[in-house]
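Q: structure of the sequence below:
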Amino acid sequence: MTRLMIVVGSVREGRIGLPIAQWVQREAEASGLFEIDWADLKEIALPLMDEPNHPKLRQYTHDHTKAWSARVDASDAFVFVQPEYNFSYAPSLKNALDYLHQEWRRKALGTVSYGGISGGTRGTTAIRPVEMALGLVTTTVNVELAWAAQQIDDEGAFVPRESSQRQLLAMLDELAALDAALRPLR
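A: Residues are numbered from 1 along each chain as shown. Predicted coordinates:
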């Protein structure tokens, strides 16, 4: 079974990424393909990169880095639920990526992005070079949620459009397939 980490990339109060990530978690669990690790960057609360050594060396000095390293290292695949901020990515997600290096290598990554009219596409595009430099292998199917705030119901749950639901299921299938292909390379 693929160990999938779902990363909630926004740390803002009132963030809509939380109910979106909960939808991703429900669907991933329902698929039966994954063992889930829920990683809310707000709860993890990594300080701005504070390690004295380059992450490639894996000579971590802080307990928060060691704990983050162990969780990422144990994961086979990731879904980043990420907002678009000012045509770019969330600094909390970039910081979480920068803490580590080898732990990300040759692991599958799917993205569920959200924002206004672009659905977070520009944020996803902006962070791709970082993901590639770390050796993450991205899915061809990603979920881009335009005007996602309008899909939050009165109880605070995310209600996906049918097209988004299909995209998410296709992305999850691709993550499991990519993990199977990448596992021997790790």
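
Q: D50 should be in a strand, yeah?
A: No - going by DSSP: H, G, I helix; E, B strand; the rest coil, the assignment for D50 is coil, not a strand.

Q: begin at 675, not 1, for the rest of this chat.
A: Renumbered: residue one is now 675, and that last one reads D724.

Q: for it, grab phi and psi.
A: Backbone geometry at D724, expressed as degrees, to the nearest 10, gives phi -130, psi 20.

Q: how about the one 5 residues further on?
A: According to degrees, to the nearest 10, the main-chain angles of P729 amount to phi -60, psi -30.

Q: could you do A719 as well?
A: A719 adopts backbone torsions of phi 50, psi 50, taken as degrees, to the nearest 10.

Q: where do the strands of the chain begin and end?
A: With DSSP state E as the criterion, the chain has strands at 676-682, 708-714, 751-757, 782-789, 811-812, 817-820.

Q: what lines up beside the last one in the sheet?
A: Listed by DSSP bridges, the sheet partners of strand 817-820 and their directions read strand 782-789 (parallel).

Q: nearest residue to the middle of the chain?
A: By Cα atoms, centre = their mean, the chain has its centre lying nearest to F754, at 1.5 Å.

Q: ok, that one - contacts?
A: Going by Cβ atoms under 8 Å, 6 or more residues apart in numbering, F754 touches V681, G683, L767, L783, G784, T785, V786. (Each C-beta comes from the backbone N, C-alpha and C, glycine too.)

Q: pretty sure the first one sits against V746.
A: What it means is V681. No - counting by Cβ atoms under 8 Å, V681 does not reach V746; the two are 9.4 Å apart.

Q: of those two, which one has the most company?
A: Neighbour count, other Cβ atoms under 10 Å: between V681 and V746, V681 has more, with 27 against 21.

Q: list the contacts of that one.
A: Contacts of V681 (Cβ under 8 Å, 6+ apart): A713, L715, F752, V753, F754, V755, Q756, L767, A770.

Q: what is the burial count for the third one?
A: Pointing back at F752 there. Number of residues near F752 (other Cβ under 10 Å) recorded here: 23.

Q: show me which of the contacts of F754 is closest to F708.
A: Using Cβ to Cβ, G784 comes nearest to F708 of the contacts of F754, at 11.2 Å.

Q: what sits against that closest one?
A: Counting by Cβ under 8 Å, 6+ apart, G784 has contacts 751-754, 812-813, 815-817, 845-846, 848-849.

Q: mind doing that once more with 6 Å?
A: Residues in contact with G784 (Cβ atoms under 6 Å, 6 or more residues apart in numbering) are V753, T813, M845, L849.

Q: tell me how far the nearest residue to V685 once chain neighbours are set aside lies from P729.
A: With sequence-adjacent residues excluded and distances taken as Cβ to Cβ, 6 or more residues apart in numbering, V685 is closest to K716, at 4.2 Å. The gap separating K716 from P729 is 22 Å, by Cβ to Cβ, to the nearest Å.
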